[in-house]
Every structure is written in structure tokens, then in C-alpha cells.
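got a predicted structure here, sequence first:
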Amino acid sequence: MARRLLRRTWAGSGDSKPAMAHRRINSAVILLNALQVVIDACACMGGFAASFSLYKHTDLLENLIRQHHAPRSEDYYLVASAFAAIVLLSFAVKHLYQSRETGLMNMDEAVAVMQGLFFSSMVVICGSYFLIPNPSTTRISRLIVGLGVFLGSLLVLAGRALGFKLRRYLQSRGHFFRRVIICGAGEAGRVIARKLLHSPKFHILPVAFLDDDKAKLDTEIECLTGHPPIPVAGRLYQIEEAIRRFGAQEVWIAITGADQNTIIDIALAAGDCGAPCRFVPNLYQMPLEGLTVETMGGVPLLSIKPRATVRKMPLIKRAFDICFAGIVLFNPVTLLLWPLVVLLIRYTSNGPAIFSQERVGQGGRTFTMYKFRTMYVDAPAYATTPQHSLDQRITPLGRWLRKLSIDEIPQFWNVLKGDMSVVGPRPEMPQIVATYNSIQRQRLCVKPGITGIWQISADRKNPIHENIDYDLYYIEKQSFFLDLTIILTTGVYGARGV
């Protein structure tokens, strides 16, 4: 049987349509990566151009005019080029110009970009400090360099977001993506499809499921919010027909408890159409973030990481939480906004302005969480959280407070007290935590947060504990740069009223 499989695989490995499609896709990927290099370089140079333009055409840098040597644009070409070169080099070291997994919501790539920009900025800023000991004797200004680095970094982030949206657009249209049929529409197949949709840099697009379960035939499965549902196009024996119908170039097998004969039959049928076949092991009762793949002597091994345990918060994270919460609570805008919101809540509906509720925090410890009240006072305190703004329990003012996330401001007092963190899994109500299984209870290993990956995802309308991947990803990958990325993304969404 194994020899027959090898012969059929080699026979289907010629210049078939899937092979030609692979070459076209690989060429498109190279062009997209090259385009990203150009965008990053132009963004870095554009930051310095914008900085010098501010000096020339506004009064923001008026103090520079009093220098002995007024800056000229050509004096900054070398500094801007050095910044661009360091950014491109640091991104290349982090494999940001290769097809790679970008993580949930592109977080892996976003964190790597933030780290690369931080390193590059420090190199250029420190270099300008030591190489320009006396600014009055040179045409190069540290202020213009610093502002150029800052603006260039912002433009790089914007260019990266644009590049990700371009790949998302191509993914939604199926352009320059390897089309994959997944055999198995169960939990394993859905998780694989979701992972592929989350990482458009793989340039792999699941287009259909095949399954022998009669209840799933001719249905559509929504694997990722915001992406078109994927059809269950037929039974497993119809693999050749499905490959031709959807123009697929690969077949992935993700069937729970599949026997060897079933796997070989599917692989042979796919090979007859020139489509390579991949097999996904059945370990989807475990979170994917807890698995790693290794090889030993050519033998593939799946390593299972120990489950997460309650861990002490790093000192730098706690210090950041205190500083950030203090700035939010005690800045002039908040000090003026707080009494205004309190008066509006009391004036527009009966009841207290502050809503308090028991939630479960790190290690299962309960605490009192505070929010501005957005629902009528007679609404059940521990009922299901409203899923949309038209919920009858929400007051008219509460809809605006929720839309602008102003109702969350009192939670920064919980952060100062140490009950919560700025970033972390969302705290749940005790009656929901009581139903957690062993995997879901891992959410309690870290302090809950005001914002997090789930909170800024398209799945935030669904129950928190049913989207455990987001929290397990954060627990596994948490770092200062990941927190900073989540906070910046939350700020962007908040400004858009999302």
C-alpha cells in the first residue's frame, strides 16, 4: 500500500495545473514581499521628510531657526537612509519579509514590528546624541532626527497595516492564494481553517470541507467572523470532483479518528489530480498554543507544554499598569469628564452612577469591578451581557458610553488597586466561571484586563469562554510589546467608535 502511494504521488508531481498555480502564487508572494520592503523604506524616509516639513512650514520647531546653521533637507538624507536601513535589517532578522504565521489578528507580526522599530529608533536616537555632541556647530538637529524617527515609525505601522489589509483583500477574493480542501468538517477541520484565515501571509485559503456526516452535507460553516462561510461540498469519496470544482491545489486531512486506509485513499485520489495531501494529527481537544512541533532523527514529534499556572505579575508590567492607570484617571480631561458623566447618568435615569459587580480574577479570587452604569437600575445584575446596542436594558446615554468605551474608565481604579491589569483576559462572572472546564480555567492564571486580544477581535460579540484561543494565546505570548500593541489597537478602535 505504501509503495502504491509513493508511485501515485510521484506520478502526480509533474507539470500539472496545481504545480503551475503554485509557481504563480510563489511569484506573487515574492512581489508582495518586495512591495512591503519598498513601503517600509518609503515610510522611514517619509517620516524625516515630514519632520523637516514641519520645521520649514510651521512654528512647531521655531527654536531651531535661532541656530547658527539653519538645517537643510539634504543634511538629513544620510540619517534617514541609515534609519531605513536599520529598520529593514531588523525586520529581515525577524523574518518579516517571509511567508510566516502572523498569529491571532496578526499579533505575532505586529509585536515583531514594534520590537524592530524600538531597536532601530534607539540606535538612531542614541547615535545622533553621541555623533552630534554640539548641535550649535552642525546643520543636523537632534530634534528633527527624533521627530523623524517618531513619524517614520508611525508611517511604518500604517504601511504594515495597509499591507495586511491588502493580503486580507486578496484572501477574500481568492487571488494568489493556494486553494485548499479540508477533509473533515469537525472541530479539527474548523480550527485548521480558522488558523489559515488568521494568517494571510501563508497564502493558503480553505475553500471547502468534505465530510461523511449527513447532518453537515450542503451546509456552510463560519470559521472566522467577517469571512464568508465555507461550504461542506460533499463526501470524502468526492475528493476528485471537489478539487476540479473549486480549483484546489492542496488537500488537508483533519478527520478525528481517521483510519490508515481512509487517509491513503484520500491521498491517492488527491495525487491523481496532482494535488499534494497533508495530514493533521488528532490533538484538537488540547489548545494549539500548548503544542510545538520538533524533529528528532527525521521523526516528527509533537511536544505538549505543561498547562499554565498562576504566575506572579512581572514588575515592569505592574509599574506600567500603575503609570497608565494614573495618567488615565488623573489627567485634566478625565477629571472634567468624570463629574459630567456622573451628572448625566443621574439625570437621565434613576439609580447610582457607578455600577459594581463581583467578578473572578487571578487564581479564582473574586473582586468588585466598577463601571459607569449603562443599563437601567432594574436590569438583572448577573444576566447575560448585552450583545448589541439595541438591547432594551441599555439606557440611551449608555449606548453612547458603551460605543466610546467611556463606561470602562472606573475600571482603572481596579488596576490601581491591583485587582486587574490594563491588558489581560476579560474578567467573568462567578456563575460562568463555575462551569469552566480545565482548559478554560487557564484564563485565571493571569490578572484580568480592561482590554485584550478578544476585546479587539471580531469575536467579541460571542461569549468570552467560547473563544478561549485568544486568552491562551495572550497567556503564552504575553510581553511588554504585546501589551503595547493591544493598547494601540484598542486606541485606534476606540477612536473609530468600534
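Received, thanks.

going by C-alpha atoms from here, please, whenever you check contacts or count neighbours.
Fine.

burial of the residue lying closest to Arg24 once chain neighbours are set aside, as a residue count?
Leaving aside its chain neighbours, Arg24 sits nearest to Phe176 (7.3 Å; criterion: CA to CA, 6 or more residues apart in numbering). By other CA atoms under 10 Å, the residues close to Phe176 number 21.

where's Phe176 relative to Gly271, distance?
In this structure, Phe176 and Gly271 are 22 Å apart, going by CA to CA, to the nearest Å.

what about the residue nearest to Asn350 when sequence neighbours are not counted, distance to Ile354?
Residue nearest to Asn350 in three dimensions, not counting chain neighbours: Val377, with 6.7 Å by CA to CA, 6+ apart. Note on Val377: its distance to Ile354, by CA to CA, is 11 Å.

any common contacting residues for those two?
Common contact partners of Val377 and Ile354 (CA atoms under 8 Å, 6 or more residues apart in numbering): none.

looks to me like Ala267 is in a helix.
Yes. The assignment for Ala267 is a helix, going by DSSP: H, G, I helix; E, B strand; the rest coil.

what kind of secondary structure is the spatially most central residue of the chain in?
Centrality entry for the chain: nearest residue to the mean C-alpha point is Met105, 2.4 Å, by CA atoms, centre = their mean. Using three-state DSSP, the structure places Met105 in helix.

got the domain ranges for this protein?
Following automatic domain parsing, one finds the domains of the chain at 20-172, 178-285, 315-496.

could I get the full set of strands for the stretch 301-450 of the chain?
Secondary structure of the stretch 301-450 of the chain, counting by DSSP state E, counting those that start in this stretch: strands at 354-360, 366-372, 421-423, 449-451.

Val111 is nearest to which of those?
Judged by CA to CA, the one of those that comes nearest to Val111 is strand 421-423, at 14.5 Å.

packing partners of that closest one?
Applying 3 or more CA pairs under 8 Å, 6 or more residues apart in numbering; DSSP states H and E, one finds that strand 421-423 contacts helix 315-330, helix 411-417, strand 449-451, helix 480-496.

pipe these into CSV and attach distance to Gln98 and mean neighbour count per row.
Output for the helices and strands packed on strand 421-423, formatted as CSV (distance: least, CA to CA, whole Å; neighbours: other CA atoms under 10 Å):
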stretch, distance to Gln98, mean neighbour count
helix 315-330, 31, 15
helix 411-417, 39, 21
strand 449-451, 30, 20
helix 480-496, 21, 16
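
let me have the ones you listed in JSON lines, extended by mean pLDDT and distance to Ala34.
Below are the helices and strands packed on strand 421-423 laid out as JSON lines (pLDDT from 0 to 100; distance: least, CA to CA, whole Å):
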{"stretch": "helix 315-330", "mean pLDDT": "93", "distance to Ala34": "36"}
{"stretch": "helix 411-417", "mean pLDDT": "95", "distance to Ala34": "43"}
{"stretch": "strand 449-451", "mean pLDDT": "93", "distance to Ala34": "34"}
{"stretch": "helix 480-496", "mean pLDDT": "82", "distance to Ala34": "25"}
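
nearest to Ala267, out of the ones you listed?
Closest to Ala267 of the helices and strands packed on strand 421-423, according to CA to CA: helix 480-496, at 40.1 Å.

need the helices and strands packed on strand 421-423 in JSON lines (columns: distance to Phe48).
Formatted as JSON lines, the helices and strands packed on strand 421-423 follow (distance: least, CA to CA, whole Å):
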{"stretch": "helix 315-330", "distance to Phe48": "29"}
{"stretch": "helix 411-417", "distance to Phe48": "36"}
{"stretch": "strand 449-451", "distance to Phe48": "33"}
{"stretch": "helix 480-496", "distance to Phe48": "22"}
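
so which of those gets nearest Thr58?
The closest of those to Thr58 is helix 480-496. By CA to CA, the value is 26.3 Å.

which helices and strands does the closest one pack with?
Packed next to helix 480-496, using 3+ CA pairs under 8 Å, 6+ apart, are helix 107-131, strand 421-423, strand 449-451.

quick one: list the elements packing against the next helix or strand after the longest one.
I take that to be helix 107-131. As assigned by DSSP states H and E, the chain's next helix or strand after helix 107-131 is helix 142-173. Helix 142-173 sits against helix 17-57, helix 77-93, helix 107-131, with contacts defined as 3+ CA pairs under 8 Å, 6+ apart.

and those helices, which one averages the lowest pLDDT?
Looking at the helices and strands packed on helix 142-173, the lowest mean pLDDT belongs to helix 17-57 (a mean of 84).

off-centre distance for that helix?
Centroid displacement of helix 17-57 relative to its chain, using CA atoms, centre = their mean, to the nearest Å, is 21 Å.

from memory Met369 sits against Ser356, does it?
Yes. Assessed by CA atoms under 8 Å, Met369 is found in contact with Ser356 at 5.5 Å.

between the two, which one's more packed in?
Shown here are Met369 and Ser356; by other CA under 10 Å, Met369 has more neighbours (21 against 17).

doesn't Gly46 make contact with Phe150?
No. In this structure Phe150 lies outside contact range of Gly46 using CA under 8 Å: 10.9 Å.

neighbours of Val93, just the number please.
By the measure other CA under 10 Å, the count of residues near Val93 is 12.

how much space is there between it and Pro276?
31 Å.

got it, and Val149?
Separation of Val149 from Pro276 (CA to CA) stands at 46 Å.

what's the answer for Glu240, then?
Distance from Glu240 to Pro276, counting by CA to CA: 12 Å.

list the residues that contact both of those two?
Common contacts of Glu240 and Pro276 (CA under 8 Å, 6+ apart): Ala270.

where does the stretch 201-350 of the chain have low pLDDT?
Within the stretch 201-350 of the chain, the stretches with pLDDT under 70 are 282-291, 297-298, 305-311.

where do the helices sit along it?
Here the stretch 201-350 of the chain has its helices, by DSSP state H, counting those that start in this stretch, at 239-246, 260-272, 315-330, 332-348.

Trp454: which of those is closest?
helix 315-330 (19.2 Å).

which strands and helices sit next to that closest one?
When contacts are defined as 3+ CA pairs under 8 Å, 6+ apart, helix 315-330 sits against helix 411-417, strand 421-423.

looking at those, which is closest to Tyr473?
strand 421-423 (13.0 Å).

average pLDDT for the closest one?
On average, strand 421-423 scores 95.

list the contacts of it.
Identification of contacts with strand 421-423 by CA under 8 Å, 6+ apart yields 318, 321, 324-325, 412, 415, 447-452, 483, 486-487.

got it, and stretch 236-247?
Stretch 236-247 is contacted from outside by 179, 181, 183, 207-208, 210-212, 233-234, 248-249, 266, 269-270, 272-273, using CA under 8 Å, 6+ apart.

same check on stretch 479-490?
Residues outside stretch 479-490 that contact it (CA under 8 Å, 6+ apart) are Met107, Ala110, Val111, Met114, Gln115, Lys317, Val423, Thr451, Gly452, Ile453, Ile456.

for Leu343, state which of these is nearest.
The nearest member of the contacts of stretch 479-490 to Leu343, counting by CA to CA, is Thr451 at 26.2 Å.

with just CA atoms, put stretch 400-420 into CSV.
Output in CSV follows, covering the C-alpha atoms of stretch 400-420 (Å, rounded to 0.1, in the frame of the first residue of the first chain):
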residue,chain,number,x,y,z
TRP,A,400,-23.0,56.3,23.7
LEU,A,401,-20.9,55.5,26.8
ARG,A,402,-20.5,51.9,25.5
LYS,A,403,-19.8,53.0,22.0
LEU,A,404,-17.0,55.3,23.2
SER,A,405,-15.8,52.9,25.9
ILE,A,406,-16.2,55.7,28.5
ASP,A,407,-18.1,53.2,30.8
GLU,A,408,-14.8,51.4,31.3
ILE,A,409,-12.9,54.3,32.9
PRO,A,410,-13.7,53.4,36.5
GLN,A,411,-12.0,50.0,35.9
PHE,A,412,-8.7,51.8,36.0
TRP,A,413,-9.3,52.1,39.7
ASN,A,414,-9.4,48.3,39.8
VAL,A,415,-6.0,48.4,38.1
LEU,A,416,-4.5,50.8,40.7
LYS,A,417,-5.8,48.5,43.4
GLY,A,418,-4.1,45.5,41.8
ASP,A,419,-7.3,43.6,41.0
MET,A,420,-6.9,44.0,37.3
